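# Output the structure for:
(chains A, B, C and D)
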2 protein chains.
Amino acid sequence: MPQNGSLPLYQQISELLIRDIAAGRLTDGARLAPERDMAAGMGIAVGTLRKALADLTTKGLLERVQGSGNYIRAKTEVDSVYALFRLELPGGGGLPTAEVLSVARLAKPADLPPFGTSAEAHRIRRLRRLSGAAAAVEEIWLDGSYIDRIAAEDLSESLYLFYRERLGLWIQRAEDQVGLGAVPGWAPDAFAPPSGTAAPLIERLSWAQDGTTAEFSRTWFDPKTARYVARIR
Amino acid sequence: MPQNGSLPLYQQISELLIRDIAAGRLTDGARLAPERDMAAGMGIAVGTLRKALADLTTKGLLERVQGSGNYIRAKTEVDSVYALFRLELPGGGGLPTAEVLSVARLAKPADLPPFGTSAEAHRIRRLRRLSGAAAAVEEIWLDGSYIDRIAAEDLSESLYLFYRERLGLWIQRAEDQVGLGAVPGWAPDAFAPPSGTAAPLIERLSWAQDGTTAEFSRTWFDPKTARYVARIR
DNA sequence: GGTCCAAATTGATACACTATTGATCTACAT
DNA sequence: ATGTAGATCAATAGTGTATCAATTTGGACC
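The predicted model follows:
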């Protein structure tokens, strides 16, 4: 007693082409054979093929050029430079800004997890605000192999944008561990929780596009001003 | 084909199909056989089958397309029932287990965010362990519309599996907010941080497949035993 | 370089037929 | 009242076939 029926033809064709794209058999920019020929080759009507191609177009995987042909458009997703930012106001949202407190190139302290290839790293300390409210203090360690010197003026609002544009470094994935820590002694007065008090602590290890670990950071946030938010789907 | 039972036929059919979806025999996007054929195969009338399919549609598990067919619409999360579990040992990993502390059906307290349609909810309290170590205590509020009564014996190790198999409820996405809270008074002695002390607090709102908010939960974890882990890519 | 034109190709439309769900009705059982 | 069976017809989707409009492109020519 089978519950399964078969998908409509046009959906089967659409899925078949999507699979070809995913498998790399059809790459970005490639031109498909003329519709008349494709349909004949598949043993279906042009109208049916066109319905499948329209589906692909809707999905952003195909560009159809009248008089010219059908072209694959399979770009990797564009990501916002704030895609990796995870702090929000307790009610949600909040415009993130960053104020650099200090920048230094130092020998890597022993208490950091292993990352990068250099024995030295750049330590960047910042105060993070959400819609103007001091929400967190963070200490970022970027492996020394990417650049010799960083000056505070070099840094853009978004560190990851700076990495990308100036260092050719693309942070592609990260792992956060949220626990509890103590507010560090160098935290500025603008950060409400006093030095030494318990504060949620985010420890992040970040990986570059070539698979190497590039950066380690610690972020202490004020639980009255911010929440670490994760959306799971 | 369906056994004689106390439930109406159309509900038995509905549950049978839900079980097929839960077991992965019917996957998202799949098309069911034509109603005429399905009904004949089950030995029931098309009208009865249609009533069952209407139930599935209401639950967000089916899309019925006039002239085309019936399509499964159940995006299952990753196969693992632990896909939504976010606590790990400080060194990473850890086998999660759960011990039910209490179950009760209560009027929704005023301090919960809005969720579900009922004025009542089931409150489930559990102790979570990671590889045997008491890592967290959690209080889950499931909207009362899904089931009248829950007994502690009803609950499986994974609450989400219970939801899926027994209630036809798919938790499809969730939002976690991690901040700081105080260990609740009902926490058992096995949980190391004493009642009232500061502990990281995860507040989670969960959505079902039909778009409704179904569940709210609070989880206090021991920062010496566990970390909230988010992997971003 | 520009212009023109034929060929190639997709865009749009129409018609016909089949398959399938949507809607409605009657009848019977509990 | 609800549940179940059975039937009929309306409406929609899918598929095939065909035709013509509109756009692009390459090549010839100046």
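# In terms of helices and strands, where is the closest residue to DNA strand D within chain A?
For chain A, the residue positioned closest to DNA strand D under C-beta to the nearest atom of the strand is A:G67, at a distance of 1.7 Å. Placement of C-beta: from N, CA and C, glycine included. Secondary-structure element containing A:G67, defined by DSSP states H and E: none, the residue being outside all helices and strands.
# what number of residues lie near it?
Per other C-beta atoms under 10 Å in any protein chain shown, the neighbour tally for A:G67 reads 4.
# how close does it sit to A:V46?
Between A:G67 and A:V46 the computed distance is 16 Å (C-beta to C-beta, to the nearest Å).
# In chain A, what helix or strand scores lowest on average pLDDT?
helix A:159-162 (a mean of 80; mean pLDDT, DSSP states H and E).
# For that helix, output the C-alpha coordinates as PDB.
What follows is helix A:159-162 as a C-alpha-only set of coordinates in PDB (Å, rounded to 0.1, in the frame of the first residue of the first chain):
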ATOM      1  CA  LEU A 159      36.700  43.900  12.300                       C
ATOM      2  CA  TYR A 160      35.700  41.200   9.900                       C
ATOM      3  CA  LEU A 161      35.400  43.700   7.100                       C
ATOM      4  CA  PHE A 162      38.900  45.000   7.900                       C
END
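# Quick check: which helices or strands does it pack against?
Contact here means 3 or more C-beta pairs under 8 Å, 6 or more residues apart in numbering or on different chains; DSSP states H and E; on that basis helix A:159-162 packs against no helix or strand.
# How about residues contacting that helix?
Defining contact as C-beta atoms under 8 Å, 6 or more residues apart in numbering or on different chains, one finds that helix A:159-162 is touched by A:V81, A:L84, A:A98, A:I124, A:I140, A:D154, A:L155, A:S156, A:I171.
# wait, does stretch A:211-228 contact chain B?
Yes - counting by C-beta under 8 Å from any C-beta of the partner chain, contacts between stretch A:211-228 and chain B involve A:P223, A:A226, A:R227, A:Y228.
# Pull out the buried residues from that stretch.
Using 16 or more other C-beta atoms under 10 Å in any protein chain shown as the burial criterion, the residues of stretch A:211-228 that qualify are A:213-223, A:225-228.
# near DNA strand D, which residues of chain A show up?
Proximity of chain A to DNA strand D is confined to A:8-11, A:43-48, A:51, A:65-68 under the rule C-beta under 7 Å from any atom of the strand.
# Quick check: the two most widely separated of the residues you listed?
A:P8 and A:G67 (28.7 Å; C-beta to C-beta).
# re earlier: closest one of the residues of chain A next to DNA strand D to B:P113?
Proximity of the residues of chain A next to DNA strand D to B:P113, judged by C-beta to C-beta, is greatest for A:Q11, which lies at 39.2 Å.
# From the contact counts, what lies against the helix or strand harbouring that closest one?
Taking DSSP H and E as the definition, A:Q11 sits inside helix A:9-22. Packed against helix A:9-22 by the contact rule (3+ C-beta pairs under 8 Å, 6+ apart) you find helix A:46-58.
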